[in-house]
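J.: Got a sequence here, can you build the structure:
(one chain, ligands or ions: 1)
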Amino acid sequence: MPSDSALSIVWIYPDLLSTYGDQGNVLVLEQRAQRRGIEVETVYVRSADPVPETGDIYLIGGGEDRPQILAAQRLRRDGGLQRAIARGAAMLAVCAGYQIMGSTFGGEEGQPVDGIGLLDIASSRGPARAVGELVAEVDAALNLPTLTGFENHMGVTHLGPGVRPLSRTVAGVGNGDGFEGCYAGHVVGTYLHGPALARNPALADLLLSWRVGELAPLDDSRYEALRQERLSAVLSG
Ligand code: GLN
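T.: Predicted structure coming up:
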């Protein structure tokens, strides 16, 4: 029986979008909430099912071009995610999922495909596939440590005035303009896989804090070792 007080995490379309272990973002959020005594309830929404609009934090992952197009069509038709964000829900959208949040993105032949317009961004096919490690310094307003992850995408993303860049790229391609990802309100888009929240637990806590307020600190030494290993592998290479 769903409880009204539990934190509701919604993973969108595991059957279409979940490359590179992006579903791990769900596990990290769940664990970081539970380690603080916060009750969590996770809903996995397959693409044939409606997206609930009463969730707290929505997550969507990366994917190949065709499932990405299908996911965009279904989300547009469904409207549940759009209503959830209008009600104040938080969201982390990764790679293909990030592109879908914008007005348009490039399909498998580079053709423009409609997104769902939750973020003021437009994506298209870039000149070359961006593959490799990403390191980026986060917008000072968010007060987060350096982001680490890896990327694998053809798309480049142009940010409109309605969003702020999430971070400035130190290594890797990201949006393709020197920035990586963006955010507006409580919606964050990024090209980071890793999964992003395992590599960057402070980003997980930002999403959690947007819904539950101030959080007790956790012992992150295990995550920190992974972060430092990846950061030094890129920055010293
Ligand atoms: N199909 C998109 C692109 O190539 C997204 C890829 C991904 O999610 N890894 O840009």
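
J.: Can you point out the buried residues in the top strand by length along the chain?
T.: Identified as the longest strand of the chain according to DSSP state E is strand 121-138. Neighbour-count burial for strand 121-138, counted by 16 or more other C-beta atoms under 10 Å, picks out 121-126, 130, 133-136, 138. The way it works is simple: take the backbone N, C-alpha and C, and place the C-beta from them, glycine included.

J.: of all those residues, which comes closest to Gly160?
T.: Lowest distance from Gly160 to the buried residues of strand 121-138 (C-beta to C-beta) belongs to Ile121, with 6.3 Å.

J.: thought that closest one was touching Ile100?
T.: No. Ile121 is beyond contact range of Ile100, at 10.3 Å (criterion: C-beta atoms under 8 Å).

J.: Show me what the helix or strand of the chain with the lowest mean pLDDT is packed up against.
T.: Least confident element among the helices and strands of the chain, by mean pLDDT, DSSP states H and E: helix 221-235 (a mean of 90). Using 3 or more C-beta pairs under 8 Å, 6 or more residues apart in numbering; DSSP states H and E as the contact test, the elements touching helix 221-235 are strand 121-138, strand 147-159, strand 164-171, helix 196-199.

J.: closest to the ligand out of those?
T.: strand 147-159 (3.1 Å; C-beta to the nearest ligand atom).

J.: Also compute the angle for that closest one relative to strand 164-171, please.
T.: 120 degrees (axes from the mean of the first three to the mean of the last three C-alpha atoms, to 10 degrees).

J.: list the helices and strands strand 147-159 packs on?
T.: helix 96-100, strand 104-106, strand 121-138, strand 164-171, strand 179-184, strand 187-190, helix 196-199, helix 221-235.

J.: How about stretch 106-115 and the ligand, touching?
T.: No. Stretch 106-115 lies out of reach of the ligand by C-beta under 6 Å from any ligand atom, never closer than 6.9 Å.
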